[in-house]
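> Sequence isn't available, so here's the structure alone:
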């Protein structure tokens with residue numbers, strides 16, 4: 001936990017997978033809160049671990065490619081209407097190139113790469129309900145292997161960071177999953 005915490009002080013983008021025998025939900029939440037992108041408990045399947053490592057590597061490559069495209073060709077990624085934001089509802093704004101997200105005029109602080117990707121996935125399709133399995137496939141980029149608590153732990157931490165700057169915009173749809181909804185909220 002301490003190593004992950006120290007790594008996150010230096011870099012928010014270095015991928016971290018915790019592989020541990022500590023399997024309680026509170027241990028998983030703590031590991032993810034300290035900056036892990038994924039948390040795998042023993043016993044584990046080596047094939048699953050390799051798939052998760054490849055997924056994190058692919059995602060980081062995609063983020064780097066998007067950033068380099070954005071800096072090389074700002075005109076294609078930016079329009080006058082949204083000032084460079086991929087998602088702009090008037091109340092919520094998200095920019096993939098700078099990896100920043102705002103509620104009103106306040107930046108949501110200290111988003112880990114996984115939290116940012118999760119927020120982007122949800123906010124890109126407001127009011128659409130995503131199951132945990134869908135979020136694992138789209139954000140973690142691997143097929144569902146029974147670790148849906150990873151999604152819950154990341155949602156919990158993301159909600160805590162959102163609440164520091166404004167009202168909650170991630171809603172639980174009981175028995176189904178999660179959705180982003182900021183309708184009815186206005187910038188003060």
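Structure received. None of these values were measured; they are calculated from a predicted model.

> Low-confidence stretches in the protein?
Across the chain, residues meeting the criterion (pLDDT under 70) sit at 62-83, 142-147, 184-188.

> any idea which residue sits dead centre in it?
In the chain, the residue lying closest to the centroid (Cα atoms, centre = their mean) is residue 115, at 2.3 Å.

> Please report the distance of it from residue 84.
Going from residue 115 to residue 84 by Cβ to Cβ, to the nearest Å gives 21 Å. From N, CA and C alone the C-beta is placed, and that goes for glycine too.

> cool, residue 61 as well?
From residue 61 to residue 84 the distance is 22 Å (Cβ to Cβ).

> Please say which of these two ends up with more neighbours.
Remark: of residue 61 and residue 84, residue 84 carries more neighbours, 17 against 10, as counted by other Cβ atoms under 10 Å.

> now the more buried one: how far from residue 128?
24 Å.

> buried set for stretch 166-181?
Using 16 or more other Cβ atoms under 10 Å as the test for burial, stretch 166-181 gives 166, 169-171, 177-181.

> Now the two most distant members of the residues you listed.
166 and 177 (22.3 Å; Cβ to Cβ).

> All the strands of the chain, residue numbers only.
Applying DSSP state E to the chain gives strands spanning 17-20, 38-41, 87-88, 92-95, 100-103, 106-107, 130-131, 170-173, 177-180.

> what does the fourth one contact?
Outside of strand 92-95, the residues within contact range by Cβ atoms under 8 Å, 6 or more residues apart in numbering are 82, 84-88, 100-103, 119-120, 123, 169, 180, 182.
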